[in-house]
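Engineer: I would like to see how this sequence folds:
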Amino acid sequence: MHEHLVKWFTPSQGLPVSGRSSVQYREYSPSPSLRPHIACYWSVTTRAEDDTGEFDDILVIPDGCFDFVFTVSRHRTVSGHLSGVMESAFTIYPGPDTAWFGVRFRPGGAVPFLRSPLSLYRGGSSPSLTELFGDGALRLLDRLADAEDLPTRIRVLDAALQQRLSVSPDEPFDPLVANVLHEMYRHSGNVRIHELAAREAVSPRQLLRRFEMWTGCSPKQFCRIVRFQRAVDLIAKSTGQIQGADLAYQCGYADQAHFVRDFRALAGMSPGHYIRRASMSDLFNTDRSFPAYHRIETSEEAEFANETG
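Structural biologist: Sure thing, here's the model as predicted:
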């Protein structure tokens, strides 16, 4: 991904459906060499809120990103899968001693690691990492399971991804896609696809094909997600103290009704409902201070980098 795009779009994620605080969500910075490709590492852990043993459900919202998602079982085994761009929100239901962690790639940032067009993973495809990377992924999963705690797991993952990037073919980010993303970000998704195509001197069909290869998403749907993410960001910054009409105006919608329809389609709830949940939640208090980029050198990382392509 072009480094100049990093400052224009930071995907937001995470809101407990119930609004309580038995779910803890955190984000962690990747190493400097990975930041053009990776938005963050993240973790979700649960803790019993009271003697009832109840846990928050958690809403996962569209953010335009691909993720590697890892699940830690109660027996400390680790499994992993690829999650592509979501077109609508979904809810997960944590149980006791549940833990997930993962890596959130920036739009287009997963290509050097998967070494294949992201358009292959449209339509809800969620292959396991062992399907994608074979024995190298199995060894990485074993090392993640052996790690003593979450910070160590994230450092192991960061080091493995650094190594994989270092041996990836030098395929530059498609300049057309970079230009289109820049316009989408700059205008918070309020752009016309045929005008973007004309600006780049290609047909809308050519734009669709090249954009899907790098992002796993159509330009039209990605614009909807960027506008939605703009609304989520404004809600988070206001700590839930913002009105729907103000959101619609600031996100570039012609009228509030259109904004409400789009928001409900993507979030699975109305803006007002989401704002009320956000005002009760501490899940937006994310922590990017943890240095994930402490370098860990092992021969097994080199095996993952070289054997999984």
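Engineer: Low-confidence bits of this protein, can you list those?
Structural biologist: 1-4, 14-22, 47-55, 123-124, 169-170, 239-240, 280-309 (pLDDT under 70).
Engineer: what are the ranges of the strands in it?
Structural biologist: 15-16, 23-28, 38-46, 58-60, 67-72, 78-83, 90-92, 99-105 (DSSP state E).
Engineer: Take those strands and write them to JSON lines, including mean neighbour count.
Structural biologist: Yep, even glycine has a C-beta here, placed from its N, CA and C like the rest. Shown next, in JSON lines, are the strands of the chain (neighbours: other CB atoms under 10 Å):
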{"stretch": "strand 15-16", "mean neighbour count": "25"}
{"stretch": "strand 23-28", "mean neighbour count": "21"}
{"stretch": "strand 38-46", "mean neighbour count": "22"}
{"stretch": "strand 58-60", "mean neighbour count": "21"}
{"stretch": "strand 67-72", "mean neighbour count": "20"}
{"stretch": "strand 78-83", "mean neighbour count": "19"}
{"stretch": "strand 90-92", "mean neighbour count": "12"}
{"stretch": "strand 99-105", "mean neighbour count": "22"}
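Engineer: Tell me how far residue 106 lies from residue 172.
Structural biologist: Counting by CB to CB, to the nearest Å, the gap from residue 106 to residue 172 is 15 Å.
Engineer: In TSV: the strands of the chain, plus distance to residue 244.
Structural biologist: Formatted as TSV, these follow (distance: least, CB to CB, whole Å):
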stretch	distance to residue 244
strand 15-16	17
strand 23-28	25
strand 38-46	27
strand 58-60	18
strand 67-72	29
strand 78-83	29
strand 90-92	22
strand 99-105	28
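Engineer: Quick one, which of the ones you listed gets closest to residue 271.
Structural biologist: strand 15-16 (12.5 Å; CB to CB).
Engineer: top helix in the protein by residue count?
Structural biologist: helix 219-237 (DSSP state H).
Engineer: Tell me the buried residues in it?
Structural biologist: Within helix 219-237, the residues that count as buried by 16 or more other CB atoms under 10 Å are 219, 221-233, 235-236.
Engineer: Now flag whichever of those residues is closest to residue 167.
Structural biologist: residue 222 (29.5 Å).
Engineer: contacting residues for the spatially closest residue to that closest one that is not a sequence neighbour?
Structural biologist: Excluding the flanking residues, the one nearest residue 222 by CB to CB, 6 or more residues apart in numbering is residue 64, at 5.7 Å. When contacts are counted by CB atoms under 8 Å, 6 or more residues apart in numbering, residue 64 touches 9, 11, 85, 107, 215, 217, 222, 225, 226, 229.
Engineer: Might you report the residue contacts of the residue lying closest to residue 247 once chain neighbours are set aside?
Structural biologist: Nearest in space to residue 247, with sequence neighbours left out and distances taken as CB to CB, 6+ apart, is residue 231 at 5.2 Å. By CB under 8 Å, 6+ apart, the contact set of residue 231 is 247, 251, 259, 263, 271.
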